[in-house]
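Asks: let me see the structure of the following:
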Amino acid sequence: MNESDIFARPEWYLFAMNNFIVISLPLHAVAFYCVLFKTPSHAKKYSKKLLYFMIWAFITEIYLTKLMTPVILVPISACTSYGILRSFNFPMSEVAFTAAMLMVMTVNSIVLVFYYRFIVMLPKRNWIKV
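Replies: From the prediction side, this is the model:
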């Protein structure tokens, strides 16, 4: 790599990814508290789905910011990892597969939340509500 260029190593990107948790962790804690303890009784069924989404989003965020820290290499279509898992010599294929599965589960939980809200908005007698 060309070390004279400031963009040769993604130092600012890595700094931002490693320190993003300082902002997001308190926000996740407040969101968990609100969903667990401040949800009205008539919305308890929805809060379970929302909690499912929040758990997967939190795990995915921790994995992508601290454990994996993916870096895309632009001139070639490649990706590498600069996170904690690289220090422990985990194979990149397993790290990428785990990241992909976490993202799939997060998208799955988002679809579940939107689907449940759609079902709640439908009238009582609808052919979709079985």
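
Asks: make it CA atoms for all contacts and neighbour counts henceforth
Replies: Will do.

Asks: now do the helices in this protein.
Replies: 11-19, 21-37, 44-62, 84-87, 92-121 (DSSP state H).

Asks: what's near enough to touch P123?
Replies: Not one residue lies near P123 by Cα atoms under 8 Å, 6 or more residues apart in numbering.

Asks: against K66, how distant is A16?
Replies: 11 Å (Cα to Cα, to the nearest Å).

Asks: neighbour count winner among those two?
Replies: K66 (19 against 12; other Cα atoms under 10 Å).

Asks: what distance do you get for that one to P123?
Replies: Distance of K66 to P123, computed by Cα to Cα: 45 Å.

Asks: check F90 too.
Replies: For F90, the distance to P123 - Cα to Cα - is 51 Å.

Asks: returning to what we had before: any idea which of the helices of the chain scores lowest on pLDDT?
Replies: When the helices of the chain are ranked by mean pLDDT, helix 11-19 comes last with a mean of 88.

Asks: list the buried ones in that helix?
Replies: L14, M17, N18 (16 or more other Cα atoms under 10 Å).

Asks: number of nearby residues for the nearest residue to the second one once chain neighbours are set aside?
Replies: Translated: M17. Counting by Cα to Cα, 6 or more residues apart in numbering, the nearest residue to M17 once its immediate chain neighbours are dropped is T65, at 5.1 Å. T65 has 20 neighbouring residues, counting by other Cα under 10 Å.

Asks: ok, V74 next?
Replies: 8.

Asks: equivalent analysis for S109, please.
Replies: Number of residues near S109 (other Cα under 10 Å) recorded here: 21.

Asks: the one 5 residues further on now?
Replies: F114 is surrounded by 13 other residues when neighbours are defined as other Cα under 10 Å.

Asks: repeat for Y82
Replies: By the criterion of other Cα under 10 Å, Y82 has 16 neighbours.

Asks: also the one 5 residues further on?
Replies: A total of 10 residues lie near S87 under the criterion other Cα under 10 Å.

Asks: how close does it sit to M68?
Replies: 10 Å.
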